[in-house]
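In: starting from these lines, generate the structure:
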Amino acid sequence: MKRNLLIITMVFCAVSAWGQENMVTFSGGYSFANIEDTDNKATGWRINGLYEFCPNAGMLAHGLSFGFISLSGTKNSVTSTVHSFPLYYAPKVMFGKNRIKVFIKGAIGMQFATLNREGAVSFTDHDFGFYGGGGAGILLFLKDNIFINGEYEIAWASNSYYKDGWINTAGGGIGFKF
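Out: Residues are numbered from 1 along each chain as shown. Alright, predicted model coming up:
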């Protein structure tokens, strides 16, 4: 009896593993942010990598994302430069069939950041904190396993020692499904 139960469990695990879809996406784009308690508007760019798995090829995907965001802005001869390395869990709900899918996603995790201010008084600081937000986008499949994506994301990046802020990103990229 135990052997039969073990065989049935192994078969169900193997079937669910065959039903899983994995996706890898590489993207980049334009970023902008307002630094908290200042009128300094920073602009820059972002690159991002995302690994997702979609159990049983369903609507919900679970992802792990890592990226780099570079922002800089000048106001009253003070230049602020922020570099952020966000690492977060990215759940995604996809709607649509075949060649076009739209999605909404979340982002919850942490980010490591550096701040460099240059002006009358200059300083550099390194910190880490919370990273969380959401976004929406579209996947256009070129083939069954290759797609391009476009998306918009807004996220709150907090730090323990210096200013927090909302980071907005509009970008696109290429992805592979396997």
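In: averaged over its residues, what pLDDT does the strand or helix carrying residue 3 have?
Out: For residue 3, the element it lies in under DSSP states H and E is helix 2-18. The average pLDDT within helix 2-18 is 61.
In: quick one: the strands in the chain, in order.
Out: 21-35, 41-54, 60-75, 78-89, 92-95, 100-118, 123-141, 146-157, 165-177 (DSSP state E).
In: among these, which comes closest to residue 3?
Out: strand 41-54 (30.5 Å; C-beta to C-beta). For glycine as for every other residue, the C-beta is placed from the backbone atoms N, C-alpha and C.
In: other SSEs contacting that closest one?
Out: Applying 3 or more C-beta pairs under 8 Å, 6 or more residues apart in numbering; DSSP states H and E, one finds that strand 41-54 contacts strand 21-35, strand 60-75, strand 165-177.
In: so what's residue 48 closest to, chain neighbours aside?
Out: In space, and not counting its chain neighbours, residue 48 is closest to residue 67: 3.6 Å by C-beta to C-beta, 6 or more residues apart in numbering.
In: what do you get for residue 155?
Out: Per C-beta to C-beta, 6+ apart, closest to residue 155 is residue 133, 3.0 Å.
In: how about residue 83?
Out: residue 114 (4.8 Å).
In: for residue 151, same thing?
Out: residue 137 (2.9 Å).
In: quick one: contacts for the one you found?
Out: Contacts for residue 137 (C-beta atoms under 8 Å, 6 or more residues apart in numbering) come out as 102-103, 105, 149-152.
In: export those as TSV, with columns for distance to residue 174, neighbour count and pLDDT.
Out: Shown next, in TSV, are the contacts of residue 137 (distance: C-beta to C-beta, whole Å; neighbours: other C-beta atoms under 10 Å; pLDDT from 0 to 100):
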residue	distance to residue 174	neighbour count	pLDDT
102	18	12	96
103	16	18	96
105	17	21	96
149	8	20	94
150	11	15	96
151	13	21	96
152	17	13	97
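In: contacting residues for residue 70?
Out: Listed by C-beta under 8 Å, 6+ apart, the contact set of residue 70 reads 31, 44-46, 81-83.
In: if you could redo that for residue 102, that was the one I meant.
Out: Contacts of residue 102 by C-beta under 8 Å, 6+ apart are 94-96, 136-139.
In: and those residues, which two are the farthest apart?
Out: The largest separation in the contacts of residue 102, counting by C-beta to C-beta, is between 96 and 136 at 12.8 Å.
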